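Based on what follows, work out the 3D shape:
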Amino acid sequence: MKRLLIGWLLLAAFIAGPAGAAEPRRIVSLLPSITEAVCALDACDRLVGVDRYSNWPASIAGLPRLGGMDDAQLERIVALRPDLVLAAPSTRVVERLSALGLRVVTLQAESQEDVRVALRRIATLLGRPERAETLWAAIEADLETAARRVPAHWRGRSVYFEIASTPHAAGAASFIGATLARLGLRNIVDPGMGPFPQLNPEFILRAGPDLVMAAAQPLAEMPRRPGWNRLAALASRQTCAFAPVPYDMLVRPGPRLGEGARLIADCLAALPAPAR
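Take a look at the predicted model:
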């Protein structure tokens with residue numbers, strides 16, 4: 001009976017075909033930053049399902065959880081009868097959902113300009129294009145406020161921002177890198193290396209960043225990595241360690257970019273001046 005029901009749902013979705021230009025009323029978001037964008041554009045009430053990692057704002061807590069980019073639950077998504085599915089291009093079920101006739105829009109956001117374009121796209125899909133500009137203006141205002149709060153002795157200093165202990169870094173070409181640059185910091189990973197490259201640990205040790213930023217747990221473990229006790233920033237605690245919830249905000253290319261910048265500025269303001 002369950003298989004029969006799933007079959008009818010899939011058939012119904014295929015027959016219905018993709019929605020036209022009408023504003024979507026039943027949206028599935030398969031990426032946390034997209035969920036945040038929909039809500040920041042005042043359309044949280046249109047969400048009928050989200051990925052497992054979406055956790056902001058609190059109002060989405062009761063929504064169905066539909067897996068992640070590698071294991072999104074096709075049958076459950078179809079059963080929700082969405083008229084729009086928003087996802088990353090690398091989400092595995094994108095092609096299958098499209099083949100079933102569902103309207104699927106993919107959004108890539110690696111740079112800050114990508115984020116701005118994605119917000120405009122989502123706002124247009126929601127029938128509220130003007131709200132994207134208002135939202136971006138608020139983000140810009142937060143970035144400017146954060147930049148003014150950075151102590152002068154940190155401007156021009158080098159920074160390593162780790163996003164995975166493999167180690168992968170947020171490079172200058174990433175949306176995180178753009179925020180760091182806006183705050184006057186110099187990324188040890190130049191734009192030509194890509195937005196989120198995997199680095200040879202020796203590269204980081206040779207670069208000798210003045211400042212290290214990462215999630216709290218990996219940062220606490222860094223001194224135990226081979227050779228990393230040579231990093232002066234770790235020895236002198238010139239570090240920004242972010243708890244899980246604020247770290248989520250920092251590494252998501254969504255509407256809370258400005259809040260993330262303020263968080264980094266707060267850390268810099270609390271640190272002593274670097275020795276060199």
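
Now do the same contact list for R149.
By Cβ atoms under 8 Å, 6 or more residues apart in numbering, R149 lies in contact with 262, 265-266, 268-269. All C-beta spots, glycine's among them, are computed from the backbone N, C-alpha and C.

now with 7 Å?
Counting by Cβ atoms under 7 Å, 6 or more residues apart in numbering, R149 touches 265, 269.

pLDDT score for it?
The score at R149 is 97. That number is its pLDDT.

Same question for V85.
According to the prediction, V85 has pLDDT 98.

Count the residues that sit near it.
If you count neighbours by other Cβ atoms under 10 Å, V85 ends up with 27.

Repeat that for N200.
Neighbours of N200 (other Cβ under 10 Å): 10.

wait, what's in contact with it?
So N200 contacts nothing (Cβ under 7 Å, 6+ apart).

Can you pull the phi/psi pair for it?
Dihedral angles of N200 (phi, psi; degrees, to the nearest 10) stand at phi -70, psi 130.

now it: how far from A214?
N200 sits 17 Å away from A214, taking Cβ to Cβ, to the nearest Å as the criterion.

Next SSE downstream of the helix-or-strand element of the chain with minimal mean pLDDT?
In the chain, no helix or strand scores lower on mean pLDDT, DSSP states H and E than helix 2-16, which sits at a mean of 39. Sequence order places strand 27-29 as the next helix or strand after helix 2-16, per DSSP states H and E.

Going along the chain, name the helices of the stretch 1-150 of the chain.
Taking DSSP state H, counting those that start in this stretch as the test, the helices found in the stretch 1-150 of the chain are 2-16, 32-40, 74-79, 94-99, 112-125, 129-149.

any chance of these in TSV, with distance to A241 too?
What follows is those, written out as TSV (distance: least, Cβ to Cβ, whole Å):
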stretch	distance to A241
helix 2-16	45
helix 32-40	21
helix 74-79	37
helix 94-99	35
helix 112-125	24
helix 129-149	18
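
out of these, deepest packed?
helix 32-40 (a mean of 25; mean count of other Cβ atoms under 10 Å).

ok, and what's touching that helix?
With contact meaning Cβ under 7 Å, 6+ apart, helix 32-40 is reached by 27, 29, 44, 47, 50-51, 53-54, 56-57, 60, 86, 107, 109, 118-119, 122, 135, 252-256.

list the contacts for S236?
For S236, the contact set (Cβ under 7 Å, 6+ apart) comprises A275.

scratch that, A141
For A141, the contact set (Cβ under 7 Å, 6+ apart) comprises G258.

ok, now how distant is it from L135?
Distance, A141 to L135, by Cβ to Cβ: 11 Å.

before we move on, what about A22?
Taking Cβ to Cβ, one finds A22 at 23 Å from L135.

do the same with P201
Using Cβ to Cβ, P201 is found at 39 Å from L135.

Check the secondary structure at A275 for me.
coil (DSSP: H, G, I helix; E, B strand; the rest coil).

so how far is L211 from it?
A275 is 12 Å from L211, by Cβ to Cβ.

who's more crowded, these two?
Using other Cβ under 10 Å as the criterion, A275 and L211 rank with L211 on top: 23 against 8.

what's the longest strand in the chain?
For the chain, the strand with the greatest residue count under DSSP state E is strand 158-164.

Identify all contacting residues around it.
Outside of strand 158-164, the residues within contact range by Cβ under 7 Å, 6+ apart are 169-170, 176, 180, 185-188, 196, 204, 207, 209-214, 218, 251.

Could you give the bridge partners of T239?
Applying DSSP bridges to T239 gives these bridge partners: V212.

what sits against it?
By Cβ under 7 Å, 6+ apart, the residues touching T239 are 212-213, 219, 233.

hang on, P218 is in a strand, isn't it?
No - read with three-state DSSP, P218 is helix and lies in no strand.

Now do it: how many residues are near it, please.
Neighbourhood size, P218 [other Cβ under 10 Å]: 16.

Touching, it and T166? I think so.
No - using Cβ atoms under 7 Å as the test, P218 is too far from T166 to be in contact (10.1 Å).

can you tell me which of the contacts of strand 158-164 are in helices?
Among those, the members found in helices (DSSP state H) are 176, 180, 204, 207, 218.
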